[in-house]
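Undergrad: sequence first, then the predicted structure:
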Amino acid sequence: MTDQRPGRAADATSADAYRSRWRPLAVAVYVVALAAWIVTVGVPTDPFQMFAWMWLAVVAWRFGAPARVHLAFVKDWWPAFAVLVAYLYSRGLSDELIGVPVHWTMPIQVDRWLTGGNELPTQYLQDALCGDPCLRSFPPAWYDVLLTTVYYSHFVVGLGLALVLWVRRRTDWVAWLTRYLTMNLAGLVVYVLYPMAPPWLASKEGYVAESLPRLTGRGWEDVGLGGFHVVLASVGNPVAAMPSLHGGIAMLVALWTVHRLRSPWRWTALLYPLVMAFALVYYAEHYVIDILAGWALAGLVMVAVGRWESRRDAA
């Protein structure tokens with residue numbers, strides 16, 4: 001009987017060469033298409049758009065692979081995206097599920113206590129970086145572009161990391177996605193039990209005497225992309241502020257990086273949650289206490305999921 005393995009190896013080598021040759025063009029087409037979508041439609045933020053663009057990224061990277069290879073993405077990812085879709089839309093109703101009153105004054109008092117004064121950190125940063133008074137109509141500074149980019153990265157970094165891990169090593173993908181989804185669901189539980197208003201809403205409703213405008217997206221307005229936060233607000237929940245998942249997911253990414261890598265440069269990952277926290281407070285999206293709660297939740301998720309994995313592997 002003739003051994004077909006050498007022929008199969010040759011076919012595999014030929015297929016790999018084909019994909020390597022056409023991959024740069026496929027990736028370039030993907031990048032151009034994504035840029036056109038961002039300019040004409042807007043930056044992807046919801047799970048549906050993220051799912052589609054992540055799938056297309058894999059198709060471009062593995063251009064020329066059999067259809068079953070591309071369909072494996074849908075098979076592996078649909079449960080995670082179903083959870084994220086449920087999170088996105090249930091988050092908008094979380095303060096109405098059991099009728100818990102919205103908390104307004106606690107974070108104001110705690111933030112003033114943390115800073116040892118009568119001025120909120122958000123007020124101090126807006127006075128220093130935006131103007132006194134601070135108006136959203138003021139032209140953005142260079143740091144607004146940076147901070148808006150960091151703010152938006154929340155929607156792509158966690159899932160982007162998951163996508164890279166899915167392509168490279170599935171066991172790490174499962175481990176990271178478990179932590180990422182647990183973080184989102186834990187945040188949702190807290191939103192139901194403890195609805196809390198952010199600084200911009202407290203100011204709007206008169207709980208803070210000073211004007212604290214919501215500056216989110218301000219840094220991208222000159223290029224026509226500053227309205228992404230308005231789209232998010234249509235399905236979001238304005239009183240789902242405690243804990244800050246923007247701050248918490250950023251810390252989760254940093255903790256994962258520090259835990260998994262061995263390079264001494266891994267500690268620079270901690271700059272990410274710090275810059276994110278600065279943006280959130282400056283833009284009046286969150287109080288400092290929200291961010292600290294998000295960081296604490298990230299640490300709790302890392303420890304709890306790690307222990308669960310250890311017990312599962314030992315069983």
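TA: Here it is on my side, so go on.
Undergrad: drop to CA atoms for contacts and neighbour counts, all remaining ones
TA: Will do.
Undergrad: low-scoring stretches of the protein, by residue?
TA: 1-20, 91-99, 219, 221-236 (pLDDT under 70).
Undergrad: how is it carved up into domains?
TA: 1-77, 92-314 (automatic domain parsing).
Undergrad: state the phi and psi torsions of G217.
TA: Main-chain torsions, G217, degrees, to the nearest 10: phi 90, psi -10.
Undergrad: pretty sure it sits against V150.
TA: No. Checked against C-alpha atoms under 8 Å, the pair G217 and V150 is beyond contact range at 10.5 Å.
Undergrad: hey, what's in contact with both of these two?
TA: When C-alpha atoms under 8 Å, 6 or more residues apart in numbering defines a contact, no residue borders G217 and V150 alike.
Undergrad: and the residue nearest the centre of this structure?
TA: Geometric centre of the chain, nearest residue: H154, 2.5 Å, by C-alpha atoms, centre = their mean.
Undergrad: the closest residue to that residue other than its chain neighbours: which element?
TA: Closest residue to H154 apart from its sequence neighbours, by C-alpha to C-alpha, 6 or more residues apart in numbering: H246 at 5.9 Å. For H246, the host element (DSSP states H and E) is helix 245-260.
Undergrad: could you report the neighbour count for the nearest residue to L56 once chain neighbours are set aside?
TA: Spatial nearest neighbour of L56, excluding adjacent residues (C-alpha to C-alpha, 6+ apart): Y30 at 7.3 Å. Y30: 19 surrounding residues under other C-alpha atoms under 10 Å.
Undergrad: wait, Y30 touches W55, no?
TA: No. Look at Y30 against W55 with C-alpha under 8 Å: they stay out of range, at 10.8 Å.
Undergrad: one step back: quick one: the residue nearest to H154 from W308, how far?
TA: When distance is defined by C-alpha to C-alpha, to the nearest Å, H246 is 25 Å away from W308.
Undergrad: those two - which one has more neighbours?
TA: Here H246 and W308 are compared on neighbour count by other C-alpha under 10 Å; more neighbours surround H246, at 25 against 11.
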